[in-house]
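Trainee: quick one, structure for this:
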Amino acid sequence: MASAPRRHFAAVMARTGAVHAHRTSNGSRTSPLVDSQKHLRRACAAVRLASRLCADVQRRLDPEDAAAKGDASPVTVADYAAQAIVSHALRDEEGRLPNMVAEEAADELRKCSEEAKKLRSRVAALVNETLAAFPDTKDQNLSEDEVMDAIDAGAAIGGPKGAFWVLDPIDGTRGFVGMRQYSVCLARLQDGQLELGVLGCPNLPTRALEDGDGDEDAALRDQGELGCLFAAAKGWGTRVGPLFDGDVVPSGPPLLLGANGKAETSPRFMESFETRHSRHEVSAAVAQKLGVERPSLKLDSQCKYGALARGDAPMFMRFPPKGYKEKIWDHAAGAIIVEEAGGVVSDARGNALDFSRGRFLEVEEGIVAATPDMHKKLVDAVQSVLLK
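Mentor: Got it, this is the predicted structure:
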């Protein structure tokens, strides 16, 4: 018998009507707002599916399910399977795979070695196991070739013209392997501008963050209080709801930073859990400059953007090692979620992030995000520290 969370999730997926896009009944074109809502609904449905797959895999993760890529970053069967399932869910009404900029590629899966064959079979099995579990997709079964083609739909280079989906199937793979926080991150760009973003955060508490919520036991807590889905669209705002239950698209009131008009009396900041992703000594120096005395909240992944949007902390800092090139899939969904909630996201010099330059961002010295009243103070403090 299916678990209670899975039964709830199956009911949600049965209500989506979103695995394929549909034309209007008379074939006429819809308005940009209607199109955006259609895309947002499909994106939420896709992220829910991938998040369920990832949550199931994380709780029974086998050491053989993880490997290292050429840059020494980890990749798991769930990274591949989640990318395939999102790509499959975003097919158009004629069954064509999406135009997508995504992190993973199926090169390793396509090799002829016994190890590759085993990995390929495992990924395909995970995809089909997830599809079979829910009413809207239970009759869909993908071959290994179809799974690899779905993964490789993420090879688009992006740019300033046209529409692109942007996907990080598991942002924070080290956190995923370490039983900490991670997120499934999907955004859509239209002519280089963010149109919408969705974050599935399976281990993020539905309450405000507390000390230790980013630590190793995050995945082992009571599943009833975990799992958040953040969704944002241009002009629609940002909303949050339960990831494994509730409406397909979160239907609560829009999040609005600073809506209560109260200043943060004891502010704190968020930063990456891993020191290899951000120089913690720089964040600590900036916090000292701002007079922040509370310790940082350390979290893997774009969960930090969602937590900022709902007001858990007023700022987030990321200072990667020199020479590191930021990828658009590591920030696209989170950026629009913060911005539509009224926050500000920029590089460390205060410049807006430009997602129109392909697969990479050109940023100066790091990335910061904050509430509107904190952003300028934060940038000034960062520059004061970095110019020393």
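Trainee: low-confidence regions, the protein specifically.
Mentor: For the chain, applying pLDDT under 70 flags the ranges 1-33, 63-74, 222-224, 259-266, 275, 277, 388.
Trainee: swap the cut-off to 50 and go again
Mentor: Within the chain, the ranges that satisfy pLDDT under 50 run 1-9, 11-28, 72, 261-262.
Trainee: pull the longest helix from the chain.
Mentor: In the chain, with assignment by DSSP state H, the single longest helix is helix 32-59.
Trainee: flag every buried residue along that one.
Mentor: Of the residues in helix 32-59, 36-37, 39-58 count as buried by neighbour count, 16 or more other C-beta atoms under 10 Å. Every residue, glycine included, has its C-beta placed from N, CA and C.
Trainee: phi and psi next, for residue 232.
Mentor: Main-chain torsions, residue 232, degrees, to the nearest 10: phi -140, psi 150.
Trainee: how close does it get to residue 166?
Mentor: Look at residue 232 and residue 166: by C-beta to C-beta, to the nearest Å, they are 13 Å apart.
Trainee: ditto for residue 181
Mentor: In this view, residue 181 and residue 166 are 20 Å apart by C-beta to C-beta.
Trainee: can you give me the strands in this protein?
Mentor: Under the criterion DSSP state E, the chain contains strands at 66-68, 74-76, 100-102, 163-171, 183-190, 193-205, 226-233, 237-242, 269-272, 297-299, 315-318, 344-347, 367-370.
Trainee: as TSV, those strands with distance to residue 108 would be great.
Mentor: Shown next, in TSV, are these (distance: least, C-beta to C-beta, whole Å):
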stretch	distance to residue 108
strand 66-68	8
strand 74-76	8
strand 100-102	15
strand 163-171	15
strand 183-190	21
strand 193-205	24
strand 226-233	30
strand 237-242	35
strand 269-272	26
strand 297-299	29
strand 315-318	28
strand 344-347	33
strand 367-370	29
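Trainee: okay if I get these as CSV plus mean neighbour count and distance to residue 258?
Mentor: Listed next are those as CSV, based on neighbours: other C-beta atoms under 10 Å; distance: least, C-beta to C-beta, whole Å:
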stretch, mean neighbour count, distance to residue 258
strand 66-68, 13, 41
strand 74-76, 19, 37
strand 100-102, 25, 32
strand 163-171, 28, 26
strand 183-190, 29, 24
strand 193-205, 27, 20
strand 226-233, 28, 17
strand 237-242, 22, 13
strand 269-272, 26, 17
strand 297-299, 25, 19
strand 315-318, 27, 13
strand 344-347, 21, 11
strand 367-370, 26, 11
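Trainee: nearest to residue 151 among those would be which one?
Mentor: strand 100-102 (8.0 Å; C-beta to C-beta).
Trainee: which elements pack onto that closest one?
Mentor: Counting contacts by 3 or more C-beta pairs under 8 Å, 6 or more residues apart in numbering; DSSP states H and E, strand 100-102 packs against helix 77-89, strand 163-171.
Trainee: between these, which gets nearest to residue 280?
Mentor: The nearest among the helices and strands packed on strand 100-102, by C-beta to C-beta, is strand 163-171 at 19.2 Å.
Trainee: what about the longest helix of the chain, distance to the chain center?
Mentor: 10 Å (C-alpha atoms, centre = their mean, to the nearest Å).
Trainee: same check, this time on stretch 54-63
Mentor: A distance of 18 Å separates the centroid of the chain from that of stretch 54-63, by C-alpha atoms, centre = their mean.
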